[in-house]
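*Asks:* Using only what follows, build the 3D model:
(one chain, ligands or ions: 1)
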Amino acid sequence: MGCRECTDKSDLLRVVLERGSLIPDLRGRLPGRGAYLHPVPACLEQAVRRRAFNRAFRGPGPFDLAELREHVERTAQATP
Ligand SMILES: [Zn+2]
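*Replies:* Numbering: from 1, shown residues only. From the prediction side, this is the model:
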């Protein structure tokens, strides 16, 4: 997803939609349409604000962000 605030030091995280929930595809192997996101909270919130997931998955939502948000926050804490 387009993001001008991040440098390319962070790897993009693939996200898939599974039964209404956005799931981080940690091994890059989950089937279906994917969206790509920097695994940082600012980018996640920006994507939500811009309804980027609605565009990526062609649905009106709302999508359940709990698992994705938890993963992103955990990743952010692990990275100095
Ligand atoms: Zn970003």
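*Asks:* Nearest residue to Val40 in space, please, no chain neighbours.
*Replies:* Ala76 (5.6 Å; C-beta to C-beta, 6 or more residues apart in numbering). Every residue, glycine included, has its C-beta placed from N, CA and C.
*Asks:* Next, the contact list for the one you found, please.
*Replies:* Counting by C-beta atoms under 8 Å, 6 or more residues apart in numbering, Ala76 makes contact with 39-41.
*Asks:* Could you pick out the buried ones from the residues you listed?
*Replies:* For the contacts of Ala76, burial is judged from neighbour counts taken by 16 or more other C-beta atoms under 10 Å, and it is met by 39-40.
*Asks:* returning to what we had before: SS state for the residue nearest to Val40?
*Replies:* Using DSSP: H, G, I helix; E, B strand; the rest coil, the structure places Ala76 in helix.
*Asks:* And the contacts of Ala76, which is closest to the ion?
*Replies:* For the contacts of Ala76, the residue nearest the ion by C-beta to the ion is Val40; the value is 6.3 Å.
*Asks:* what ranges do the strands span in this structure?
*Replies:* Along the chain, counting by DSSP state E, strands occupy 13-18, 21-24, 34-37.
*Asks:* The ones you listed into JSON lines, with extra columns for mean pLDDT and mean neighbour count?
*Replies:* Shown next, in JSON lines, are these (pLDDT from 0 to 100; neighbours: other C-beta atoms under 10 Å):
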{"stretch": "strand 13-18", "mean pLDDT": "94", "mean neighbour count": "20"}
{"stretch": "strand 21-24", "mean pLDDT": "96", "mean neighbour count": "19"}
{"stretch": "strand 34-37", "mean pLDDT": "92", "mean neighbour count": "19"}
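*Asks:* Out of the ones you listed, flag the one nearest the ion.
*Replies:* Judging the strands of the chain by C-beta to the ion, what sits closest to the ion is strand 34-37, at 7.3 Å.
*Asks:* Okay then, goodbye and thanks.
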